[in-house]
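Student: quick one: sequence and predicted model below, then my questions.
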Amino acid sequence: MMKIELRFYATLVKYAEKNEIPQFSFVEIEEGATIASLLNKFNILEKHVHIAMVNGRSVESNQGLQDGDRVALFPPVGGG
Amino acid sequence: MTNFRKDTILFEIKKHLQKFKLSDGIFCDGIDVSTTQKLASAFQLPKREVEVVALENEIIPRRYLRNIGTIGIKGQTKLLKSKVAVVGLGGLGGAAIELLARLGVGQIIVIDGDVFEESNLNRQLLATEENIGEEKTLSAVRRVTKINSSVEVYPYQVMADEGEFKEILKGTDVIVDALDTFSARSALQRAAKNLNVPLVHGAIAGFVGEVSTIFPEDPGLDSVFSSSQKVERGAETSLGTPTATPIMVAALQVQEVVKVLLKIGKPLRNRLLFLDCETSSIEIIEL
């Protein structure tokens, strides 16, 4: 297992609540996990995630994850 | 303007010189607003041109005194000679023009096809109980002129498409994206790229907001917008747009405009600043 930091922002906080974890937390995931498998594990609809960030960089859903990674998920924001 | 004319204006400016104290205790030569107005009227010139002549001779219009310590006389002169467009006059745009006018950006283009409604009152600095139903560009001109009559405002009361953006925005130095739909933002980004003008993107929802600066040669936010193109709006549809968020994001956008115009600091190129005021977090995302 690997431990990563996971952050949910704005409307995606609902997924933290559904999974009964804090908005910002450390979670355990399987070795070889990707963004896509992480979303699957926490029942997060990929279409709701506008940007997935790993260690400060925007990544695609097939991005592999490493122990200690910092992952943040952002919804689309468009208000003016 | 010929050097002879500049010398004539300077001669008149020098008759009205005052001594002002800069922040660090050093005294400088300056003029006040009434002198600028008097000389602009006498020489039949835009007020900002009188201010430029003064600044080029190290005479500081008092209204910019507190800018000088950070951006310098050259920086203030450059701002006065610059033209910035603000596209969208909602929460972001209304706050952006307020700041640009106070900074002393010499020319501001404002574009919006909308009128004020009561639901704007919570956050849009231009909206008041008295101007519900009024064209937003009209209020923008009035507000900027009240703050800084040296600034020239060019209003376009239109919901512009890409072609109109290209026409209206010709000759601008920086464009501020203060729109509220993904399709309009995308059209503006294409127009800015085509015109070879840097664009400062800003967007808000609830207590979060984002800012990014896109130079014409940068890939831009196409990848960010493209996944959203099936929807026109984002998290703001459920979270709304409360009062403080647009003001904070507009302030960050204007700071980007200053950095781009004066070629200082490190603009948010190929990066998206994501601000969450609820958790007091700022994420800088490399795109």
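Tutor: Yes, it's here. Keep in mind that this is a model prediction, so the values were computed, not measured. Residues are numbered from 1 along each chain as shown, chains lettered A, B, ... in the order given.
Student: model confidence for the nearest residue to residue A:70 once chain neighbours are set aside, exactly?
Tutor: Distances taken as C-beta to C-beta, 6 or more residues apart in numbering or on different chains place residue A:5 nearest to residue A:70, at 4.5 Å, with adjacent residues excluded. (Each C-beta comes from the backbone N, C-alpha and C, glycine too.) We have a pLDDT of 98 for residue A:5.
Student: helix or strand right after the helix or strand harbouring residue A:5?
Tutor: Following DSSP states H and E, one finds residue A:5 within strand A:2-8. Remark: after strand A:2-8, the chain's next helix or strand is helix A:13-18, criterion DSSP H and E.
Student: mean confidence for that next one?
Tutor: Averaged over helix A:13-18, pLDDT sits at 98.
Student: can you list the residues that contact it?
Tutor: Helix A:13-18 is contacted from outside by A:8, A:22, A:23, A:25, A:42, A:43, A:44, A:48, A:73, using C-beta atoms under 8 Å, 6 or more residues apart in numbering or on different chains.
Student: picking that back up, and the residue nearest to residue A:70, how many neighbours?
Tutor: Residues lying near residue A:5 (other C-beta atoms under 10 Å in any protein chain shown) number 14.
Student: can you tell me which residues contact it?
Tutor: Residue A:5 touches A:24, A:25, A:26, A:69, A:70, A:71, counting by C-beta under 8 Å, 6+ apart.
Student: spell out which parts of the stretch 1-150 of chain B neighbour chain A.
Tutor: Within the stretch 1-150 of chain B, the residues that sit near chain A (C-beta under 8 Å from any C-beta of the partner chain) are B:88, B:90, B:91, B:92, B:93.
Student: how does it look with 10 Å?
Tutor: Within the stretch 1-150 of chain B, the positions adjacent to chain A are B:87, B:88, B:89, B:90, B:91, B:92, B:93, B:94, B:112, B:123, B:124 by C-beta under 10 Å from any C-beta of the partner chain.
Student: most surrounded residue in the residues you listed?
Tutor: Going by other C-beta under 10 Å, residue B:92 tops the residues of the stretch 1-150 of chain B next to chain A with 34 neighbours.
Student: tell me the domain ranges of chain B?
Tutor: Structural domains assigned to chain B are B:3-70, B:82-286, following automatic domain parsing.
Student: of all the ones you listed, which one is nearest residue A:52?
Tutor: domain B:82-286 (9.7 Å; C-beta to C-beta).
Student: span of that closest one from start to end?
Tutor: 29 Å (C-alpha to C-alpha, to the nearest Å).
Student: that domain - what's its average pLDDT?
Tutor: The average pLDDT for domain B:82-286 rounds to 95.
Student: which residue ranges form the helices in chain A?
Tutor: Assignment of helices within chain A using DSSP state H yields the ranges A:13-18, A:35-41.
Student: same deal with chain B?
Tutor: Counting by DSSP H, the helices of chain B are B:3-15, B:33-43, B:47-56, B:65-80, B:91-103, B:136-147, B:162-168, B:182-195, B:222-226, B:236-239, B:244-262.
Student: ranking these by burial, who's on top?
Tutor: helix B:91-103 (a mean of 26; mean count of other C-beta atoms under 10 Å in any protein chain shown).
Student: okay, now the sheet partners of the strand holding residue A:5, with direction.
Tutor: Applying DSSP bridges, strand A:2-8 is found paired with strand A:24-29 (antiparallel), strand A:70-74 (parallel).
Student: want to throw those into JSON lines with mean pLDDT and mean neighbour count?
Tutor: Below are these laid out as JSON lines (pLDDT from 0 to 100; neighbours: other C-beta atoms under 10 Å in any protein chain shown):
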{"stretch": "strand A:24-29", "mean pLDDT": "98", "mean neighbour count": "14"}
{"stretch": "strand A:70-74", "mean pLDDT": "98", "mean neighbour count": "22"}
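Student: is it possible to export those strands to CSV including distance to residue B:175?
Tutor: Below are these laid out as CSV (distance: least, C-beta to C-beta, whole Å):
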stretch, distance to residue B:175
strand A:24-29, 35
strand A:70-74, 24
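Student: quick one: which of those strands is nearest residue B:246?
Tutor: That would be, of the strands paired with strand A:2-8 and by C-beta to C-beta, strand A:70-74, which comes in at 18.2 Å.
Student: so what's the gap between the closest one and the chain middle?
Tutor: Distance, stretch centre to chain centre, for strand A:70-74: 5 Å (C-alpha atoms, centre = their mean, to the nearest Å).
Student: now swap in stretch B:272-283 and tell me
Tutor: 22 Å.
Student: give me the residues contacting that stretch.
Tutor: If you take C-beta atoms under 10 Å, 6 or more residues apart in numbering or on different chains as the criterion, stretch B:272-283 is touched by A:7, A:9-10, A:13, A:23-24, A:51, A:53, A:56, A:58, A:70, A:72, A:74, A:77, B:201-204, B:206-213, B:221, B:224, B:242, B:244-245, B:248-249, B:252, B:256, B:271, B:284-287.
Student: quick one, what contacts the most centrally placed residue in chain B?
Tutor: Note on chain B: the residue nearest the mean C-alpha position is residue B:100, at 4.0 Å, using C-alpha atoms, centre = their mean. Residues in contact with residue B:100 (C-beta under 10 Å, 6+ apart) are B:79, B:82, B:84, B:86, B:106-108, B:110, B:144, B:147-148, B:151, B:153, B:174, B:176, B:250, B:253-254, B:257-258.
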